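Novice: Could you look at this predicted model? Sequence included:
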Amino acid sequence: MSPTIFKWKGYRFFFFSREERRPHVHVFCPDGEAKFWLEPQVDLARNHGLSQAQMKELLKIVEEKKNDILDAWRKHFSA
């Protein structure tokens, strides 16, 4: 199961239910995929195929939406 948290400009922000417990978010688009750690701070875990410009934009949106993403994470994993 990989719940979608939100979509933005063609990117899908989601996480996998059966992956590691450290809060993170995956971001997918036709160009590639990235994974960001959310704690202790937003940080890139990996990038496959996305450009520097895309990564800069995604880092900014993940930082802006960090609390919403963490809320979705906690809600999902507390169920």
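Specialist: Done, it's in.

Novice: CA atoms for contacts and neighbours, from now on please.
Specialist: Noted.

Novice: ok, now how distant is the residue nearest the centre of the chain from residue 46?
Specialist: Most central residue of the chain, judged by C-alpha distance to the mean C-alpha position with Cα atoms, centre = their mean, is residue 25 at 2.4 Å. When Cα to Cα, to the nearest Å is applied, the distance between residue 25 and residue 46 equals 11 Å.

Novice: Need the residues touching each of those two.
Specialist: 35-36 (Cα atoms under 8 Å, 6 or more residues apart in numbering).

Novice: which residues of this protein fall in strands?
Specialist: 4-8, 11-14, 24-29, 32-37, 43-48 (DSSP state E).

Novice: quick one: the third one to chain centroid distance?
Specialist: Shown here is strand 24-29, whose average C-alpha point lies 4 Å from the average C-alpha point of the whole chain (Cα atoms, centre = their mean, to the nearest Å).

Novice: quick revisit: reformat the strands of the chain as JSON lines; add distance to residue 68.
Specialist: Rendered in JSON lines, the data for the strands of the chain read as follows (distance: least, Cα to Cα, whole Å):
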{"stretch": "strand 4-8", "distance to residue 68": "8"}
{"stretch": "strand 11-14", "distance to residue 68": "11"}
{"stretch": "strand 24-29", "distance to residue 68": "11"}
{"stretch": "strand 32-37", "distance to residue 68": "14"}
{"stretch": "strand 43-48", "distance to residue 68": "16"}
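
Novice: Let me have the ones you listed in TSV, extended by mean pLDDT and distance to residue 70.
Specialist: As requested, the strands of the chain are exported to TSV (pLDDT from 0 to 100; distance: least, Cα to Cα, whole Å):
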stretch	mean pLDDT	distance to residue 70
strand 4-8	96	10
strand 11-14	97	11
strand 24-29	97	8
strand 32-37	97	11
strand 43-48	97	14
